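Participant: no sequence for this one, just the structure:
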């Protein structure tokens, strides 16, 4: 247990020591989105009848930050350790692959939540934002962090170069986030694109998270929860199998 | 008879068409100072990696202090400290943080008394709170040694610990490792410096293309493979072939012998033949000769 706790602590310290880059920068990023989009769109759009666009936007930005930072944390930590060679420090001790997995994912969730809370707090002065179902919001934030943290472990282990990792980030994570309804309700989309959105697990995570704030969402939060949970289980299964076999870590 | 510190049983490791380890079998007793020699690509690092669980063998098995490195990996790894060949470090942490983290990985809390002791022994106390990035290569090497020792492993493996290390530091490092050995630690060492192996290791294995081509005490290897030689340079181009000499260039002749008392008889024969000597030297057997012989044969 001490081994696991140490690895978790090390992973948290790793991002905390450079928190300007790993926490403050993504918060600023999200706040910039908020300022620009709310300035452009707030007077023109309302969602679910009476919700101001800026209020609608904030939970989306919070969840987007949770997801992106959870992914960034586990994936960049692993690839840095692989490329600098200090991975060996984690491979020589008597840590099980399960401890390894849980520590990396938990640290990813921690960074995701920290940035998410930061974005939320930074947005509060600008918007009126209720939190009607906080447990739903928390459940989706944690689950989303687990999904993307696991995906980050897969990407970090698979990638041999920063370049390949950036491809994951730019060609999978980024488009899935942008097209997930962070910036719009999918009911505003043509029917075809609404249908396409239903194949994007990010859509369910963000929609479910938003339900925690407004008590309203595009689909039932239970369906979103199921999609997020199944995504999490599948990715956890894949990651644990890779780790158990020592894929790319133990030759 | 206590159980061996390390047992390697018919270990095979392949990378595609390349067989890195081809049925390696050896045992290292507790308290030994054991050397693993061989040219680049012979399989030394692969063998060490298999022992450390960094590489999974395709056949055979390995044990550390009786614990299977796969089936009982937790115990096996607790008993093993590895100093890797590459100069790796984590740029996020200071020396002390790194050693605390490494202790934690091995399940140890409050290990500071021992960490201070290791730091002092390795002359790193002044650098305890320096970031890893700020250290010189030699210091990083010593931190790697310290990291391998945080959990007081009975078996310590050093993979080319003195590669690229200056002479003074190398001496200091060997003194420290000898002390660890005297304190009862089993030491397994790979090195390219054969004099180092000759002076430090009690027993040696030589690897070539994934196989052990020699496994014996250093003393016996030297005795078995290397004969001594007496070389003389004669005045006036005399021919010493009739006396058992082998001609070399520049008027040099070489006589092989096994024991030093034989030198007297060789010199007597030369004197009786009325040959005048301008120069003379005795070549002692060394590990380099043994190594070259073994690597050229087989």
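Facilitator: Structure's in. What do you need? All values reported here derive from a predicted model rather than from experimental measurement. Numbers count the residues shown, from 1 in each chain, chains lettered A, B, ... in the order given.

Participant: Let me see the confidence value for residue 42.
Facilitator: Since you didn't name a chain, this refers to chain A. pLDDT recorded at residue A:42 is 66.

Participant: not quite, I wanted chain B
Facilitator: 90.

Participant: all helices of chain B, in order?
Facilitator: Along chain B, counting by DSSP state H, helices occupy B:44-52, B:73-78, B:95-105, B:112-121, B:137-149, B:167-182, B:194-200, B:218-225, B:262-272, B:287-296.

Participant: most tightly surrounded among those?
Facilitator: helix B:44-52 (a mean of 25; mean count of other C-beta atoms under 10 Å in any protein chain shown). Bear in mind the C-beta positions are built from the backbone N, C-alpha and C, glycine included.

Participant: Select from the helices of chain B the stretch with the lowest mean pLDDT.
Facilitator: helix B:287-296 - the lowest mean pLDDT of the helices of chain B, at a mean of 75.

Participant: what angle separates that one from helix B:218-225?
Facilitator: Per axes from the mean of the first three to the mean of the last three C-alpha atoms, to 10 degrees, the angle that helix B:287-296 makes with helix B:218-225 is 60 degrees.

Participant: most residues in a single helix of chain A, which one?
Facilitator: Under DSSP H, chain A gives helix A:53-84 as its longest helix.

Participant: How about the contacts made by residue B:150?
Facilitator: B:99, B:102, B:103, B:106, B:108, B:111, B:114, B:115, B:118 (C-beta atoms under 8 Å, 6 or more residues apart in numbering or on different chains).

Participant: so which of these are also by chain A?
Facilitator: B:102, B:103, B:106, B:108 (C-beta under 8 Å from any C-beta of the partner chain).

Participant: pLDDT score assigned to the third one?
Facilitator: Same thing as residue B:106. 96.

Participant: How about the contacts made by it?
Facilitator: A:3, A:93, A:94, B:77, B:78, B:150, B:151.

Participant: In contact with the residue in chain B positioned nearest to chain A, which residues?
Facilitator: Taking C-beta to the nearest C-beta, chain A has its nearest neighbour within chain B at residue B:104, 2.7 Å off. Residue B:104 is in contact with A:2, A:3, A:5, A:6, A:7, A:9, A:10, counting by C-beta under 8 Å, 6+ apart.

Participant: Recalculate using a threshold of 10 Å.
Facilitator: Residues in contact with residue B:104 (C-beta atoms under 10 Å, 6 or more residues apart in numbering or on different chains) are A:2, A:3, A:4, A:5, A:6, A:7, A:8, A:9, A:10, A:93, B:111, B:150.

Participant: Which strands or helices does the worst-scoring helix or strand of chain A on mean pLDDT pack on?
Facilitator: None of the helices or strands of chain A scores lower by mean pLDDT, DSSP states H and E than strand A:46-47, at a mean of 72. Contacts defined by 3 or more C-beta pairs under 10 Å, 6 or more residues apart in numbering or on different chains; DSSP states H and E place strand A:46-47 against helix A:53-84.

Participant: Name the residues that touch the helix or strand that the helix it packs on is followed by?
Facilitator: Moving toward the C-terminus from helix A:53-84, the next helix or strand (DSSP states H and E) is helix A:88-91. Contacts with helix A:88-91, where a contact means C-beta under 10 Å, 6+ apart, come from A:3, A:7, A:10-11, A:78, A:81-82, A:100, A:103-104, A:246, A:249-250, B:49, B:52-54, B:77, B:82, B:84, B:86, B:88-90, B:98, B:101-102, B:105, B:144, B:147.

Participant: If we use 7 Å, what do you get?
Facilitator: By C-beta atoms under 7 Å, 6 or more residues apart in numbering or on different chains, the surrounding residues in contact with helix A:88-91 are A:7, A:81, A:100, A:249, A:250, B:54, B:84, B:88, B:90, B:102, B:147.

Participant: who touches the spatially most central residue of chain A in this structure?
Facilitator: With distances taken as C-alpha atoms, centre = their mean, residue A:67 lies nearest the centre of chain A, 1.1 Å away. Residue A:67 sits next to A:112, A:144, A:148, A:177, A:202, A:205 when contact means C-beta under 7 Å, 6+ apart.

Participant: Against chain B, how distant is it?
Facilitator: 24 Å (C-beta to the nearest C-beta, to the nearest Å).

Participant: do you know how far that residue is from residue A:157?
Facilitator: Residue A:67 sits 19 Å away from residue A:157, going by C-beta to C-beta, to the nearest Å.

Participant: can you check residue A:176 too?
Facilitator: Here residue A:176 is placed at a distance of 20 Å from residue A:157 (C-beta to C-beta).

Participant: again, but for residue B:192
Facilitator: 32 Å.

Participant: From the neighbour counts alone, determine which of the two ranks first.
Facilitator: Ranked by neighbour count (other C-beta atoms under 10 Å in any protein chain shown), residue B:192 and residue A:157 place residue A:157 first, with 22 against 14.
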